[in-house]
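# predicted model, plus sequence, below.
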Amino acid sequence: MRIKILSELIDEEVIGKVAEALSEVYGYEVMIDFSEEIVDERFLNSRRMQYDAWAVVKEYQALRDEDQYLLLVTVKDLYAAGLNYVFGLAWRGVAIISAYRLRQEFYGEEPDRNLFIERLIKEAVHEIGHLLGLAHCDDRRCVMAFSNWIGDTDYKSWRPCRRCLSKLGISP
């Protein structure tokens, strides 16, 4: 298996760091491709002014190769039914993460490139972990811990805990 990252409008250096982290944690070859738009207006809920993450993931199911996990990286704000927003979502070989709420500017703060990269890496590793069969972890420092808000994302590590790694057959 391998991981393919399809990213829109985020610079190559940032996505390269995400690819490096994914390869380091999971040991897979990671390929990168860029697109001007991954999430288009078909997925927009005009009442919410957000994009339906489930609909996007389902759409991309048919576009992924059988021997790869597909990670979509968008700049659009995502939601899933029953939630105000999601940082990411994963299902049946396809995951999507949104950079929208990972930037400090969203919270009225000054830009912080390093923090943005760290958050993007955490969300990518988390969603690929789901594709590999990992559930949410009770260890709040584990990357597989659920992030209810950005503070949860900032608190956790970008790596799975020992227990989660062992479930994947990876030695810490």
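Ah, there it is.

# longest helix in this protein, please.
The single longest helix within the chain, with elements called by DSSP state H, is helix 113-131.

# what is that helix packed up against?
helix 12-26, strand 68-74, strand 88-91, strand 94-98, helix 150-155 (3 or more C-beta pairs under 8 Å, 6 or more residues apart in numbering; DSSP states H and E). Where C-beta positions appear, they are placed from N, C-alpha and C, glycine not excepted.

# which of those sits most buried?
Most buried of the helices and strands packed on helix 113-131, by mean neighbour count (mean count of other C-beta atoms under 10 Å): strand 94-98, with a mean of 27.

# got the CA positions of that one in CSV?
Presented in CSV, the C-alpha positions along strand 94-98 are these (Å, rounded to 0.1, in the frame of the first residue of the first chain):
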residue,chain,number,x,y,z
VAL,A,94,-10.2,8.1,1.5
ALA,A,95,-9.6,10.8,4.1
ILE,A,96,-10.0,14.5,4.0
ILE,A,97,-8.5,17.2,6.2
SER,A,98,-9.3,20.9,6.2
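
# element containing the residue of the chain most remote from its centre, please.
Residue distances from the centre of the chain (C-alpha atoms, centre = their mean) peak at residue 47, which lies 24.5 Å from the mean C-alpha position. Using DSSP states H and E, residue 47 maps to neither a helix nor a strand.

# now do it against residue 143, distance only.
33 Å (C-beta to C-beta, to the nearest Å).

# run through who's touching the longest helix of the chain.
For helix 113-131, contacts defined as C-beta atoms under 8 Å, 6 or more residues apart in numbering pick out 3, 5, 10, 14, 17-18, 21-22, 25-26, 69, 71, 73, 87-90, 93-97, 99, 102-104, 143-144, 147, 150, 153-154, 156-160, 164.
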